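> Next one to model:
(one chain, ligands or ions: 1)
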Amino acid sequence: MSRRCVITVGDLGEFGVVARIARRLPQGESVLLGPGDDAAVVKAPDGRVVVTTDLLIEGRHFRRDWSSAYDVGRKAAAQNLSDIAAMGAIPTTLVVGLGMPADVPVEWVDGLADGFRDECALVGASVAGGDIAGSELVVIGVTALGDLAGHAPVTRSGARPGHVVAYAGRLGYAAAGLALLGAGIVPADGPLLEAVEAHRRPRPPYGQGPEAARLGATAMLDVSDGLLQDLGHVAEASGVGISLDPAAFPVGEPVAAAAKELGTDPLDWILTGGEDHALAAIYPPEVRLPPHWTVVGRVSDGANVKVSGRATGPGGWDHFRA
Ligand SMILES: [Mg+2]
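Got it, this is the predicted structure:
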């Protein structure tokens with residue numbers, strides 16, 4: 001098996017800013033050959049490479065008036081690193097494509113690069129290279145690579161009746177923050193600010209992905225579209241039903257505070273809010289879970305995801321409440 005992986009990194013000579021960006025980005029031990037050639041060469045220690053890609057489009061995935069360049073960089077890196085962790089792998093390397101209007105100040109790109117740098121530092125990942133082109137909106141395409149370190153990838157299809165459903169990380173925080181911003185509330189401090197910060201910068205529990213693989217998780221994904229919807233993918237891929245106990249979910253202080261402020265049920269955000277990138281995993285019942293995993297449900301025969309024994313349809317939680 002090859003232990004190197006060659007990636008096309010585009011035309012790095014195209015913009016004067018590229019060298020400036022490259023200097024700000026981490027090129028750690030996963031990168032054997034970084035920016036400056038037609039392609040980079042990175043390590044593939046396991047012999048297999050986990051790869052994922054994600055696209056962020058201004059106005060659709062972020063707003064430049066709601067998030068700083070630094071926050072957008074953190075978030076763009078985080079959602080890709082989290083997808084690698086959700087396979088039970090260790091994120092090693094990113095490659096970044098950036099489209100941007102000519103009037104975006106170069107300092108904005110500096111901030112973006114710094115966000116990538118700091119998020120990658122949390123897991124020791126590197127940025128091996130990238131490409132920049134002019135476009136009408138800011139568009140950020142990120143490809144992430146990861147190392148399975150000898151473990152089998154944890155897919156969505158291994159859940160079996162009798163297994164337990166657990167999650168690590170935060171649920172409902174980013175949705176609470178987005179709701180506050182949408183209501184025109186820009187808090188200066190306290191738990192409401194913490195919710196807004198969670199929207200700007202998710203905090204995925206990266207280490208718990210490889211940990212779940214070691215513990216014997218039978219299915220896993222990161223919660224990017226809402227727990228009900230994402231667990232629906234596990235139920236479908238595994239051919240099982242999933243029952244959640246709403247009383248099992250702790251309500252974080254920022255989520256509770258935002259719910260009080262906006263007169264909302266915090267469980268709405270916890271069950272349907274995306275973008276926190278918590279990890280949801282399925283475990284055989286005999287696995288002893290470390291305390292940062294919270295058991296919230298069970299796998300059963302049947303299909304779909306139920307809350308308190310009642311079906312949640314395509315309309316998810318709203319459907320259930322109606
Ligand atoms: Mg994902």
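> Helix or strand for the most centrally placed residue in the chain, just tell me which one.
In the chain, the residue lying closest to the centroid (Cα atoms, centre = their mean) is residue 79, at 3.1 Å. Using DSSP states H and E, residue 79 maps to helix 69-85.
> Residue 73 and residue 132: what is the separation?
Residue 73 sits 14 Å away from residue 132, taking Cβ to Cβ, to the nearest Å as the criterion. Bear in mind the C-beta positions are built from the backbone N, C-alpha and C, glycine included.
> Which neighbouring elements make contact with the longest strand seen in the chain?
Scanning the chain for the longest strand, with DSSP state E as the assignment, gives strand 90-100. Helices and strands touching strand 90-100, by 3 or more Cβ pairs under 8 Å, 6 or more residues apart in numbering; DSSP states H and E, are strand 39-43, helix 69-85, helix 106-123, strand 126-134, strand 139-147.
> Kindly reformat those as TSV containing mean pLDDT.
Shown next, in TSV, are the helices and strands packed on strand 90-100 (pLDDT from 0 to 100):
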stretch	mean pLDDT
strand 39-43	89
helix 69-85	96
helix 106-123	93
strand 126-134	89
strand 139-147	96
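> closest one to residue 257 among the ones you listed?
Nearest of these to residue 257, taken as Cβ to Cβ: helix 69-85 at 20.7 Å.
> contacting residues around residue 179?
By Cβ atoms under 8 Å, 6 or more residues apart in numbering, the contact list for residue 179 reads 258, 262, 264, 269.
> Show the model's pLDDT score for the last one.
Taken from the predicted model, the pLDDT recorded for residue 269 is 95.
> That one: helix or strand, and which one exactly?
Using DSSP H and E, residue 269 falls in helix 266-272.
> Are we agreed that residue 257 is in a helix?
Yes - counting by DSSP: H, G, I helix; E, B strand; the rest coil, residue 257 is located in a helix.
> Can you give me every residue that contacts the closest residue to it other than its chain neighbours?
Leaving out its chain neighbours, the residue that sits closest to residue 257 by Cβ to Cβ, 6 or more residues apart in numbering is residue 191, at 3.9 Å. Neighbouring residues of residue 191 by Cβ under 8 Å, 6+ apart: 253-254, 256-258.
> how about the residues of the stretch 1-150 of the chain near the ion?
Residues of the stretch 1-150 of the chain lying near the ion by Cβ under 5 Å from the ion: residue 83.
> Which residues are in contact with the residue in the stretch 1-150 of the chain that the ion sits nearest to?
Across the stretch 1-150 of the chain, the shortest distance to the ion (Cβ to the ion) belongs to residue 83, at 4.4 Å. When the contact criterion is Cβ under 8 Å, 6+ apart, the partners of residue 83 are 52, 54, 144, 222.
> Then residue 53?
Residues near residue 53 by Cβ under 8 Å, 6+ apart: 80, 141-144.
> how big is the angle separating the helix or strand it falls within from strand 90-100?
Element membership for residue 53, per DSSP H and E: strand 50-57. Calculated by axes from the mean of the first three to the mean of the last three Cα atoms, to 10 degrees, strand 50-57 forms an angle of 30 degrees with strand 90-100.
> Can you list the strands that strand 50-57 pairs with?
strand 139-147 (antiparallel) (DSSP bridges).
> rewinding a little: quick one: which two of the contacts of residue 53 are the most distant?
So, the contacts of residue 53 by Cβ to Cβ: farthest apart are 141 and 144, at 11.1 Å.
> what's the spatially closest residue to residue 213 that is not a sequence neighbour sitting at in phi/psi?
Counting by Cβ to Cβ, 6+ apart, residue 213 lies nearest to residue 88, which is 2.9 Å off, once chain neighbours are set aside. For residue 88, the backbone dihedrals are phi 90, psi 10 (criterion: degrees, to the nearest 10).
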